[in-house]
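*Asks:* can't give you the sequence, but here's the structure:
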């Protein structure tokens, strides 16, 4: 990789075209391919902007979802290839793009030194040799794609006939990626989906060639080692190799928050660090045997990358994750929401983010998936939700149906954020005979659900002025808690220079380390869980609470063992770090009592 960081997937729209903006600089990013309607409309937009041939793919055409995804990804590849050709052939001393490319490079990248030599030499032969070497090193950032494995509804034809699993949302999305010209990875997130995992082996693109190389790879996003091992074994037995394990903090991240059972990021990374070699040794025989059964032979263990993301905010933290844990790259997500050169955020939301207070960022129950969701109080989608409730019309029209899951009121699953579902749920609530306090609590739990399918796609429609008549303009956004410390709009140069320690955009900002921030989130999560279940603490819930608390205590002990190293790297005094750990340890004690 050119850079030691990547930009993870950000909602549906926020990183949907990030590759078009930054891949030419060697920066890797991830495109969400959940919303094929969004991709199709952006393909029309970018095709028009770049004079590319465009032929619409209607939603009711044969295999439309997969074809739309393929067409959009192919267009990104075409545009990035053009950018690279320009970069290699332009006047490096005059062209703004070239100037930015070289200034963004990390200090240790050999092209920085080669460029300096190229600029200083007067020998035409030497200049040509150096330029050739520099051009060979000009590689685009990876253009990876993301699907949430469990967002995999079965679809219906125009005539209402149920389609086969071949056309399910996740399978069609993977097929769209597999058939594209990209040479990159699909990032599988949000848990294990046996149906989808079983389908992966139907795509030859995910198998190695005769030299052991992959044209399409699998990246697994996980929040603990055990989950990674289970999923890796399952896939290996089907001839699918995991080329990258992307470890993400359970709570200190954007989007959906998949809390572990109290396992903190530091101990999780330590377990991966210790077991890197053992992981390969355990998985490879299963993989080798599965390939042999289908007539494919492989002798050498394919490469594996380990990356980490979730709440990273300083160059010291970035380098610590690379150096101490030996990881290959670090994901920087939410801070890039404040970098218009890299992400797609509408003007109003961008300014609201830049002027937000820490209390504006919170974990909610807004997701129809029933998973905790990072929310933003100042989002126009949240204001729209409250307005609809005030008008006596809670819930939203459900048009895209990506997150349908509940069949209580219909044979066909409904979204719990939909108006139809919430009206029925409230009718049931009215008949439940609850007292006023219990009723209000249950009512708020129903109406808290937010329409994410439209809200997370809308910023792109607003940004590029392609919102259609009658479409809602409310924007949902899911920044991680770390966003609270970044309080202005940044240039790409500023953010990359901050990552590499050339400047400090958080100078003067009081911010605990990423490990302490995550610990606070977990203590608060446990406290909330206990409060919510206080009147119904059965054996199973008590067992969960004790396990959660014990893991947090062990995590605190682990950080104490690292305090010398952490103090040096993070710039915190031993006393301050010890005090912070002791504070949260003391908060845990009365919770259990």
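*Replies:* All right, it came through fine. In this text, all values refer to a predicted model and were calculated from it rather than measured experimentally.
*Asks:* per-residue confidence at residue 152?
*Replies:* Listed pLDDT for residue 152 reads 88.
*Asks:* could you break this protein into its assigned domains?
*Replies:* Domain segmentation of the chain under automatic domain parsing yields 380-476, 512-593.
*Asks:* those domains: lowest mean pLDDT?
*Replies:* The weakest mean pLDDT among the domains of the chain belongs to domain 512-593, with a mean of 87.
*Asks:* for the longest helix that the chain contains, buried residues please.
*Replies:* In the chain, with assignment by DSSP state H, the single longest helix is helix 265-293. Residues of helix 265-293 classed as buried by neighbour count (16 or more other C-beta atoms under 10 Å): 265-272, 276, 279, 283-284, 286-288, 290-291. The way it works is simple: take the backbone N, C-alpha and C, and place the C-beta from them, glycine included.
*Asks:* helices and strands around that helix, which ones?
*Replies:* Applying 3 or more C-beta pairs under 8 Å, 6 or more residues apart in numbering; DSSP states H and E, one finds that helix 265-293 contacts helix 225-236, strand 242-248, strand 305-309, helix 514-532, helix 539-561.
*Asks:* 6 Å instead, please
*Replies:* Identification of packing neighbours for helix 265-293 by 3 or more C-beta pairs under 6 Å, 6 or more residues apart in numbering; DSSP states H and E yields helix 225-236, helix 539-561.
*Asks:* can you lay out these as CSV showing mean neighbour count and distance to residue 375?
*Replies:* Listed next are these as CSV, based on neighbours: other C-beta atoms under 10 Å; distance: least, C-beta to C-beta, whole Å:
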stretch, mean neighbour count, distance to residue 375
helix 225-236, 18, 25
helix 539-561, 16, 23
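*Asks:* mind putting the ones you listed in a markdown table, distance to residue 299 included?
*Replies:* Shown next, in a markdown table, are those (distance: least, C-beta to C-beta, whole Å):
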| stretch | distance to residue 299 |
| --- | --- |
| helix 225-236 | 16 |
| helix 539-561 | 38 |
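*Asks:* what's the neighbour count on the residue nearest to residue 331 when sequence neighbours are not counted?
*Replies:* Leaving aside its chain neighbours, residue 331 sits nearest to residue 309 (2.7 Å; criterion: C-beta to C-beta, 6 or more residues apart in numbering). Residue 309 has 26 neighbouring residues, counting by other C-beta atoms under 10 Å.
*Asks:* same check on residue 93?
*Replies:* Residue 93 sits with 9 neighbouring residues when counted by other C-beta under 10 Å.
*Asks:* so it belongs to a helix, correct?
*Replies:* No - counting by DSSP: H, G, I helix; E, B strand; the rest coil, residue 93 is not found in a helix; it is coil.
*Asks:* now it: closest residue in space that isn't a chain neighbour?
*Replies:* Nearest one to residue 93, counting by C-beta to C-beta, 6+ apart, is residue 119 at 7.2 Å.
*Asks:* what is the burial count for residue 506?
*Replies:* By other C-beta under 10 Å, neighbour count at residue 506 equals 16.
*Asks:* how about the contacts made by it?
*Replies:* residue 485 (C-beta atoms under 6 Å, 6 or more residues apart in numbering).
*Asks:* kindly recompute the last result at 7 Å.
*Replies:* Residue 506 is in contact with 313, 314, 485, counting by C-beta atoms under 7 Å, 6 or more residues apart in numbering.
*Asks:* what's the pLDDT at it?
*Replies:* 95.
*Asks:* dihedrals phi and psi, it?
*Replies:* Torsion angles at residue 506 (phi, psi; degrees, to the nearest 10) stand at phi -100, psi 20.
*Asks:* and if you look at residue 15?
*Replies:* Per-residue torsions, residue 15: phi -120, psi 20 (degrees, to the nearest 10).
*Asks:* now for it: which residues touch it?
*Replies:* Contacts for residue 15 (C-beta under 7 Å, 6+ apart) come out as 7, 9, 29, 30, 31, 32, 343.
*Asks:* just to revisit the earlier point, mind checking which of the domains of the chain is nearest residue 495?
*Replies:* domain 512-593 (16.7 Å; C-beta to C-beta).
*Asks:* which positions within stretch 360-378 qualify as buried?
*Replies:* For stretch 360-378, a neighbour-count test (16+ other C-beta under 10 Å) marks 360-361, 363-364, 366-369, 371-376, 378 as buried.
*Asks:* from the residues you listed, which land in strands?
*Replies:* 361, 363, 364, 373, 374, 375, 376 (DSSP state E).
*Asks:* test my guess that the third one contacts residue 373.
*Replies:* Yes - between residue 364 and residue 373 there is a contact under C-beta atoms under 7 Å: 5.4 Å.
*Asks:* which stretches in the stretch 101-250 of the chain count as strands?
*Replies:* For the stretch 101-250 of the chain, the strands defined by DSSP state E, counting those that start in this stretch occupy 143-148, 185-189, 217-222, 242-248.
*Asks:* let me have the ones you listed in a markdown table, extended by mean pLDDT and mean neighbour count.
*Replies:* Below are the strands of the stretch 101-250 of the chain laid out as a markdown table (pLDDT from 0 to 100; neighbours: other C-beta atoms under 10 Å):
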| stretch | mean pLDDT | mean neighbour count |
| --- | --- | --- |
| strand 143-148 | 96 | 25 |
| strand 185-189 | 96 | 25 |
| strand 217-222 | 96 | 23 |
| strand 242-248 | 97 | 23 |
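*Asks:* go through those and name the closest to residue 36.
*Replies:* Nearest of the strands of the stretch 101-250 of the chain to residue 36, taken as C-beta to C-beta: strand 143-148 at 11.3 Å.
*Asks:* just checking, what packs against the closest one?
*Replies:* Counting contacts by 3 or more C-beta pairs under 7 Å, 6 or more residues apart in numbering; DSSP states H and E, strand 143-148 packs against strand 28-32, helix 64-89, helix 169-178, strand 185-189.
*Asks:* if we go to 10 Å?
*Replies:* helix 18-22, strand 28-32, helix 64-89, helix 169-178, strand 185-189, strand 217-222, strand 242-248 (3 or more C-beta pairs under 10 Å, 6 or more residues apart in numbering; DSSP states H and E).
*Asks:* the inter-axis angle of that strand versus strand 185-189?
*Replies:* 20 degrees (axes from the mean of the first three to the mean of the last three C-alpha atoms, to 10 degrees).
*Asks:* circling back: could you redo the strands of the stretch 101-250 of the chain as JSON lines and give each row distance to residue 490?
*Replies:* Output for the strands of the stretch 101-250 of the chain, formatted as JSON lines (distance: least, C-beta to C-beta, whole Å):
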{"stretch": "strand 143-148", "distance to residue 490": "23"}
{"stretch": "strand 185-189", "distance to residue 490": "25"}
{"stretch": "strand 217-222", "distance to residue 490": "26"}
{"stretch": "strand 242-248", "distance to residue 490": "23"}
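*Asks:* between those, which one is closest to residue 462.
*Replies:* Closest among the strands of the stretch 101-250 of the chain, once you apply C-beta to C-beta, is strand 143-148, at 22.1 Å.
*Asks:* give the pairing partners of that closest one; include direction for each.
*Replies:* Sheet pairing of strand 143-148 (DSSP bridges) gives strand 28-32 (parallel), strand 185-189 (parallel).
*Asks:* to residue 232, which of the ones you listed lies closest?
*Replies:* Set against residue 232 and scored by C-beta to C-beta, the strands paired with strand 143-148 come closest in strand 185-189, at 11.2 Å.
*Asks:* any idea of the angle that closest one forms with strand 305-309?
*Replies:* Using the same axes, to 10 degrees: strand 185-189 against strand 305-309 is 50 degrees.
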